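1. Please work out how this folds:
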Amino acid sequence: AMAAERKRARLIQELCVRLVPGSNDGELGQLYQHSLKILSSHIAARNDLFIANTVKRHLSRAGRTADAAEFSELYNQLAQMPVLKNVAAVLQFLHDVGYDASGAADLQQDGPLDSVLFTEKHPSDPGLALVRAVSAPPMPTLAISPGENTSYGVIESALVADVLYAIQGINGRFITFSEADDRFHINSQSNIARPAGDLMLKLAELGWLFRRLGAIVAQPAAPGLVAQALRGALQRERAEFFRLLAVLEAQLHAAQPAGLSLRRLAVWTLEPLHRLRLLTAVAERCLAGEVKGGALAASLHKFTLHGDEAYAAVAGALLHEATAPLWIQLFRWIYEGELDDRNGEFFVSEDSAAELDELWARRYELRAEMLPAFVDASLARRVLLAGKAIVFIRTHQGAIEELPGRAQLRAAIEAPQHAGLDAAVSAAYLHASSRLLAFVRGPHRLLDHIHALRRYLLLGQGDLIRHLLDVMSPELSKPADTLMTHTLTALLDGAIRATNAQFDDADILRRLDVRLLEASPGDLGWDVFTLDYHIDGPVRAVIDAAAMGRYYALFTFLWRVKRMEHMLSGAWQSFMAVSRSLATVQGLAGPLHLCNRLRAEMLHFINQVQYYFVFEVLECSYADFLQDAARAHDLDDVIAAHNRFLQNVCQRALLHRDTQPLLSQLRSICDLVVRFQSIQDALCQEGVREVARRDYQGARTYGRQLAGRWAVPAAGAAPSEAKAADFGPHVERLQQTAKTFQDMVGRFLALIAQSGSGSLRGLSYRIDFNEFYTHQAARR
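-> Numbers count the residues shown, from 1 in each chain. Predicted coordinates for the structure are as follows:
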């Protein structure tokens with residue numbers, strides 16, 4: 001093809017040199033450029049039908065009607081011969097050799113270049129000289145047909161022919177285009193009347209629009225299939241414009257006496273003028289910048305909102321062709337899960353760097369700037385979820401059955417204004433989402449895993465948690481840096497075998513493990529211990545790392561409260577074991593009663609807090625989650641329901657940033673419970689030692705009496721009197737702890753009142769059911 005183009009350019013140059021000998025390089029360059037314009041003109045290109053009609057018209061004018069009929073029959077036979085590839089050239093040759101110079105001139109007078117090329121107004125025009133040399137013998141003037149309008153100072157058919165050239169962007173004899181000021185001008189040397197010149201310039205707007213449209217379409221723009229499709233549609237519109245030019249040329253050379261006038265041309269080109277204005281505006285708005293893809297479609301869609309139905313119809317046709325790549329991509333995404341968007345034009349984007357666990361959450365997202373105006377957010381979300389469901393199942397399963405509704409979606413895409421598109425996308429979305437939900441609920445047991453997290457990490461399996469507290473207390477009381485994971489894991493396995501947890505599913509128990517958090521200096525095992533539950537596969541789309549972090553935080557909080565209950569129960573048991581013997585010790589009745597009362601207050605507080613978290617928060621929130629999960633239409637609904645469950649539990653369990661003062665106060669109360677246990681243990685141990693000393697002293701006295709000696713040593717006092725002062729520091733610490741506990745609980749209740757939470761207000765009523773702390777605060 002390149003060789004043929006070079007050969008054609010060389011032949012044209014040789015022709016210019018032979019026809020105009022002695023011309024310099026500048027003149028030859030102008031001749032060459034003018035020749036290319038003439039050869040590229042769609043008006044000058046004659047087909048076989050045009051030449052045949054010209055011959056028949058010439059024969060009819062000469063009175064040779066029978067010859068015209070015979071020529072028509074011969075032409076039909078010639079056109080049907082398969083060996084001929086260029087019938088027009090054959091007819092032109094036969095016509096040229098069959099007529100004399102006047103006949104040839106008559107044929108050329110019927111052509112589109114007659115009125116421009118065969119007058120002697122501008123003999124110095126190189127293009128005129130070239131065409132005169134190759135087209136016909138020199139003719140002094142143009143033959144004027146009967147009825148020809150000459151009131152404009154020039155033959156009107158010549159003006160019309162010149163306008164037709166200008167419409168194509170080719171400089172004519174009377175009207176030329178100036179690149180400097182980007183407009184058409186009437187030749188100042190012509191004697192065209194002012195009204196005719198104004199009308200020609202008005203008609204030349206078609207040429208300016210045609211040139212402008214061609215320049216925009218030809219220039220490089222942002223890559224993208226939508227832009228390419230729009231360019232193709234505009235190119236086809238320009239091709240349709242050439243058909244109009246062919247019709248106008250036929251009218252110009254019609255047999256009617258008047259032919260095509262400037263006024264008639266203005267009327268016939270009025271609608272094409274409006275159409276070209278629209279096409280140029282579309283090209284300037286959509287192709288001149290860097291806009292692409294869905295954003296380009298959104299810009300183009302604004303033209304369809306015009307009040308003129310014809311205007312909107314043209315814009316709608318352009319939009320339909322330009323958005324074809326988007327609809328193809330949408331169809332492939334919904335039904336095949338394939339996203340081939342190298343130029344970033346589709347409103348669904350892919351992050352290829354996202355890991356497999358983040359396939360659902362981060363890999364595919366909506367690209368808002370590429371969302372066309374005729375696709376709302378709800379429809380775009382369903383498109384996104386339908387394709388994500390296909391990709392998700394295929395990634396984790398390897399294959400998926402074909403979804404129904406392909407024909408329905410194709411019909412909706414091809415329908416005028418995409419009628420039924422919403423219903424077709426919704427049907428595909430529901431089919432894909434239902435298969436995905438069945439996939440994660442069925443073989444991958446999503447709800448079973450969430451229920452296991454509820455029972456183990458949220459302490460729903462009470463017998464197991466109680467057993468863990470019993471067997472792990474000695475280990476967790478050690479410094480955190482001395483703990484061994486395998487030791488705690490062995491204790492966990494033993495607790496599972498010793499409780500009803502042993503009857504749970506083997507896969508669930510296999511995922512249950514022990515986890516130690518990062519320890520800080522001075523931390524005990526209680527501060528770093530947590531249960532762990534391993535999640536893998538598609539379930540990680542719902543229970544991701546962030547969700548597991550919330551489960552760990554909830555376990556730590558609930559484990560701390562459960563430990564306080566276990567500690568107070570252990571303190572009661574150890575106290576009851578020595579209470580009878582300590583009752584005989586003089587001076588311990590009051591402190592022991594204070595221990596009982598303070599332990600009961602603490603146990604009441606911890607029990608009410610635990611009841612609130614377990615029954616009013618966890619159970620109610622979990623029941624709401626199960627209902628929301630059952631009503632879910634897609635995986636995003638399940639994820640949202642699960643996140644709401646965790647967020648609601650964390651917020652009502654004082655783990656939200658707005659409830660940090662309450663959580664700090666509760667931790668301080670828990671630390672006070674630990675201190676109380678140490679004070680009670682020290683007091684009881686001191687009392688037990690005192691009882692032991694008294695028992696030893698009593699036995700010793702009895703032995704002295706049996707031996708006939710004095711029962712009481714003369715140098716010492718009674719043991720009870722000697723040791724009575726040793727309980728003072730313990731009693732003082734106990735009284736201070738009791739006062740501090742009441743103050744802390746009062747402060748906790750005041751913070752609840754300030755929070756304004758209705759559920760926490762119920763907790764406040766149960767803690768202070770008899771208004772004891774209220775009266776205490778009033779007395780202070």
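2. rest of the way, CA atoms for contacts and neighbours
-> OK.
3. Who are the packing partners of the longest helix that the chain contains?
-> When the chain is scanned for its longest helix (criterion: DSSP state H), the result is helix 660-706. Here helix 660-706 touches helix 545-582, helix 719-723, helix 728-755, going by 3 or more Cα pairs under 8 Å, 6 or more residues apart in numbering; DSSP states H and E.
4. Comparing those helices by mean pLDDT, which bottoms out?
-> For the helices and strands packed on helix 660-706, the bottom mean pLDDT is recorded on helix 719-723, which sits at a mean of 44.
5. that older thread, how about the helices and strands packed on helix 660-706, which one is nearest Arg406?
-> Smallest distance to Arg406 across these (Cα to Cα): 37.0 Å, for helix 545-582.
6. all strands of the stretch 151-300 of the chain, in order?
-> Assignment of strands within the stretch 151-300 of the chain using DSSP state E, counting those that start in this stretch yields the ranges 175-178, 183-186.
7. Pretty sure Cys286 is one of the things Ile216 touches, is it not?
-> No. With contact defined as Cα atoms under 8 Å, Ile216 does not count as touching Cys286 (10.0 Å).
8. Show me which of these two is the more surrounded one.
-> A count of neighbours by other Cα atoms under 10 Å puts Cys286 above the other of Ile216 and Cys286, at 22 against 16.
9. now the more buried one: how far from Ala180?
-> Note on Cys286: its distance to Ala180, by Cα to Cα, to the nearest Å, is 26 Å.
10. Who are the contact partners of Gly214?
-> Contact partners of Gly214, counting by Cα atoms under 8 Å, 6 or more residues apart in numbering, are absent.
11. tally of neighbours for the residue nearest to Leu663 when sequence neighbours are not counted?
-> The spatially closest residue to Leu663, leaving aside those adjacent along the chain, is Leu654, at 5.5 Å (Cα to Cα, 6 or more residues apart in numbering). Residues near Leu654, counting by other Cα under 10 Å, number 20.
12. just checking, Leu654 touches Gln665?
-> No. Using Cα under 8 Å, Leu654 is not in contact with Gln665; the gap is 10.4 Å.
13. which residues of the stretch 451-600 of the chain fall in strands?
-> Using DSSP E, counting those that start in this stretch, the strands of the stretch 451-600 of the chain run over residues 512-516, 529-533.
14. Quickly compare the ones you listed and say which is most buried.
-> Ranked by mean neighbour count under mean count of other Cα atoms under 10 Å, the strands of the stretch 451-600 of the chain are led by strand 529-533, which reaches a mean of 20.
15. helices and strands around that strand, which ones?
-> Judged by 3+ Cα pairs under 8 Å, 6+ apart, strand 529-533 is in contact with strand 512-516, helix 545-582.
16. Phe242 and Arg61, how far apart?
-> Here Phe242 is placed at a distance of 30 Å from Arg61 (Cα to Cα).
17. higher neighbour count, those two?
-> Between Phe242 and Arg61, counted using other Cα under 10 Å, Phe242 has the larger neighbour count: 17 against 10.
18. Now mean neighbour count and distance to Ala571 too, for the strands of the stretch 151-300 of the chain, in CSV please.
-> Supplementary listing: the strands of the stretch 151-300 of the chain in CSV, determined by neighbours: other Cα atoms under 10 Å; distance: least, Cα to Cα, whole Å:
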stretch, mean neighbour count, distance to Ala571
strand 175-178, 18, 104
strand 183-186, 18, 101
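19. which ones are touching the closest residue to Glu358 other than its chain neighbours?
-> Setting aside the residues directly before and after it, Glu358 is nearest to Ala541 in space (Cα to Cα, 6+ apart), at 7.0 Å. Contacts were defined as Cα under 8 Å, 6+ apart; by that measure Ala541 touches Asp357, Glu358, Leu359, Trp360, Ala361, Ile639.
20. now swap in His185 and tell me
-> Contact criterion Cα under 8 Å, 6+ apart gives Ile175, Thr176, Phe177, Ser178, Leu201 as the residues in contact with His185.
21. if we can go back for a sec, could the helices and strands packed on strand 529-533 go into JSON lines alongside distance to Glu401?
-> Conversion of the helices and strands packed on strand 529-533 to JSON lines gives the following (distance: least, Cα to Cα, whole Å):
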{"stretch": "strand 512-516", "distance to Glu401": "35"}
{"stretch": "helix 545-582", "distance to Glu401": "31"}
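22. out of the contacts of His185, what pair is the most spread apart?
-> Distances among these were taken as Cα to Cα; the most separated pair is Ser178 and Leu201, at 12.8 Å.
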